[in-house]
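Undergrad: Mind looking at a prediction? Sequence and model below.
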Amino acid sequence: MSAVIDNHTHDHHGPKKGFMRWILTTNHKDIGAMYLWFSFAMFFVGGAFALVIRSELFQPGLQMVEPEFFNQMTTMHGLIMVFGAVMPAFVGLANWLIPVMIGAPDMALPRLNNWSFWLLPFSFAILLSSLFMEGGGANYGWTFYAPLSTTYAPPSVTFFIFAMHLMGVSSIMGSINIIATIFNMRAPGMTLMKMPMFVWSWLITSYLLVAVIPVLAGVITMMLMDINFGTSFFDAAGGGDPVLFQHVFWFFGHPEVYIMILPAFGIVSHIIPAFARKTLFGYSSMVYATSSIAFLSFIVWAHHMFTVGIPLVGELFFMYATMLIAVPTGVKVFNWVTTMFRGSMTFETPMLFAIAFVVLFTIGGFSGLMLAVAPADFQYHDTYFVVAHFHYVLVPGAIFAIFAAMYYWLPKMTGNMYPEWLGKLHFWLSFVGMNLTFFPMHFIGLAGMPRRIPDYNMQFADFNMVASVGAFAFGITQLIFLAVVVITIRGGKKAEAKSWEGADGLEWSLPSPAPYHSFSTPPEVK
Amino acid sequence: MSNEANIQRTLRRGLVVGVLMFGFGFALVPLYDIICEVAGINGKTSTTAYQGASVVDESREVRVIFMSVNGGSMPWRFRPETTEMTVTPGKVYETAYLAENMTSRDLVAQAVPSVSPGYAAVHMNKIECFCFEQQPLAGGEDTRMPLRFMVDADLPDSVRAITLNYTLFDITDKVVGETAAR
């Protein structure tokens, strides 16, 4: 009996030694860290692809790459950034932070957690390997519309489908795990309406993931059957309909874009109160706004397809439903601004990123509102205006929020403060580079430059050159972030348990760095 | 530990939702067809012959424009016999499409109709159409494929002209595949 207990304590003392620690680990902090490193690696891969695109578009004419390869770059950039960089980064933060935020010892299903993570490297290795296959890699855009991805796809499309299936299984498992953790592992006294906003936003995001990733799995399975088993889901000759693909895809796709932004809303709702030294304004309205956005995301998908010829009633319904999303989103923006109002603000790096998030995400929201207007969308559709819009919501939206979260919680993760001047340098260069890249795209889009085309008319030349310069500046700047993370892991000023003066939440009651096993006995929440 | 049981229950529920949503993705396929048919959108006409009759509305005339498109790499020459007709709603008219197999191979084709404006599709009743069946044609041969139709009198007054387009697809591979499988 005593031998068993001994064994028990020894096994759970600390991490295993050596490389096998990372393969066998079921510790939420280890898995969270692996998710974050994986997404960071994918961020650089996807970013390199973006720089290939921007080099080609530096000048009109074809100079760097073949158009076929250009198509693969636009496709892979989108797929890698959406599924490989942004989503795993948020899942990594969720893994690391949710248990320590709700006072749980670990995730509810630790071994499932290990499996969720380890599917990802294989998924993306398969996806990336398709670039070296005969006929080239995925070249049908990240939205892989049929028949481009079925009838006209390169043979490697089957690998793409398999990779997406693996990624989907990983996401579904990860989100079920998060739901199970949040519902069953909260510390006594932490009611749902006392949960930190990041936990709330992830609870809602998990529901979105469980609801729509299977629909993605369905649509790629239909593609697989059309390609290999002679069915005609999307083939008009056999009685199918290519427009059906777009409906099913965007039924997944629109909630997907909120999957990439809701956790960011949660993060910013932690950081702004911390550095404004006030409690979050309108906590419950934040919860309801996030839920409303999630609900609305299911009934707006056809706004991506205004130009395919849907009936007038449909255009009107989807137009108004889309505009309705501006209301809960507006509530959130006003709450953040009101939280800052008359606060004792300081501007450390996380706060800089969070404020930039609020300002720039709102710009992206407004261009989204423009795109929501069905008659106007006929001009904007498939132009660089759309590219400008979704990069404004994803780069200073999702990615800036991830940066903000990393700077904010890095002291808790590593036990060291990051070098503040380097963080600020990273922020300002990112801020300038990002705007330089994507702001001109609004203008060239309105002037009519189509997206996903390797060549363009002379009239678009100057703005494209500016965008390319900005893209390289932004891309190279991210090496500073890599340096910050490495420097902070290796040393630096020791972080206190409560690393920020205004920080609030259970995670700050733990020492920095947070011990390998935390909250083995649940804390009491009043 | 009861918490363990709760976690298992959440896991099971999550997996059930996942499986149901996977099914929902596939359910969207028939749902899409049904919604298009009921709402009369998407410009799809009925795939079976029209049986009923309609009141003749002598008070107005509607232009019907005929178009043809070759889908994908379809090598046939394919065109309407007449490109435009003026019809009285409720009366039956006959026209035809002409097809010629320009290759030396025997091919099978399928014509897929589309009507514009989309909401006029339910009022475009076909009594006889080559699009109801697959069209085999030996190499080098040509054929006249008849079409009998009637625009019903319920057609909204705002519609003055209807465009009827057929896209012709080469389905030889699929047909051969099916025969081989049998």
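TA: Structure's in. What do you need? Numbers count the residues shown, from 1 in each chain, chains lettered A, B, ... in the order given.
Undergrad: give me the element residue 22 is part of.
TA: As the question left the chain open, I've gone with chain A. Assessed by DSSP states H and E, A:W22 sits inside helix A:20-24.
Undergrad: meant chain B, my bad for not saying
TA: Assigned by DSSP H and E, B:F22 falls within helix B:2-39.
Undergrad: residue contacts, the closest residue to chain B within chain A?
TA: Residue nearest to chain B within chain A: A:G218 (2.4 Å; CB to the nearest CB). All C-beta atoms are positioned from the backbone trio N, CA, C, and that covers glycine. Each residue near A:G218 by CB atoms under 8 Å, 6 or more residues apart in numbering or on different chains is listed here: A:248, B:21-26, B:28.
Undergrad: of those residues, buried ones?
TA: A:248, B:21-22, B:24-26, B:28 (16 or more other CB atoms under 10 Å in any protein chain shown).
Undergrad: interface residues of the stretch 301-450 of chain A facing chain B?
TA: Neighbours of chain B within the stretch 301-450 of chain A, by CB under 8 Å from any CB of the partner chain: A:309-311, A:314.
Undergrad: out of those, who has the most neighbours?
TA: Ranked by the number of neighbours (other CB atoms under 10 Å in any protein chain shown), those place A:I310 first, at 20 neighbours.
Undergrad: Just confirm B:F66 is within a helix.
TA: No: counting by DSSP: H, G, I helix; E, B strand; the rest coil, B:F66 is not part of a helix but strand.
Undergrad: Could you chop chain B up by domain?
TA: B:1-39, B:62-181 (automatic domain parsing).
Undergrad: what is the mean pLDDT for stretch A:179-196?
TA: Across stretch A:179-196, the average pLDDT comes to 94.
Undergrad: Pull out the buried positions in that stretch.
TA: Across stretch A:179-196, burial judged by 16+ other CB under 10 Å covers A:179-187, A:190, A:195-196.
Undergrad: so where's the chain shaky on pLDDT?
TA: Here I'm looking at chain A. Across chain A, the ranges flagged by pLDDT under 70 are A:1-13.
Undergrad: wrong chain, I was asking about chain B
TA: Counting by pLDDT under 70, chain B has low-confidence residues at B:1-2, B:40, B:42, B:176-182.
Undergrad: and it, which of its residues are near chain A?
TA: B:3, B:6-7, B:10-11, B:14-15, B:17-26, B:28-29, B:32-33, B:39, B:41-43, B:47, B:71-72, B:110, B:112, B:118-119, B:167, B:169-171, B:174, B:177-178.
Undergrad: Going by neighbour count, which of these are buried?
TA: Buried among these by 16+ other CB under 10 Å: B:7, B:10-11, B:14, B:17-18, B:21-22, B:24-26, B:28-29, B:32-33, B:41-43, B:71, B:110, B:112, B:118-119, B:167, B:169-171, B:174.
Undergrad: circling back: contacts with chain B among the buried residues of stretch A:179-196, please.
TA: Near chain B, by the rule CB under 8 Å from any CB, you find A:179-180, A:183-185 out of these.
Undergrad: Present those as TSV; the columns should include distance to A:K424 and secondary structure.
TA: Formatted as TSV, these follow (distance: CB to CB, whole Å; DSSP: H, G, I helix; E, B strand; the rest coil):
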residue	distance to A:K424	secondary structure
A:I179	37	helix
A:A180	39	helix
A:F183	40	helix
A:N184	41	helix
A:M185	37	coil
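Undergrad: Could you give the number of residues near the residue nearest to A:F122 when sequence neighbours are not counted?
TA: Leaving out its chain neighbours, the residue that sits closest to A:F122 by CB to CB, 6 or more residues apart in numbering or on different chains is A:L166, at 6.2 Å. Close neighbours of A:L166, defined as other CB under 10 Å, add up to 19.
Undergrad: and A:L166, what is it in contact with?
TA: A:119-120, A:122-123, A:126.
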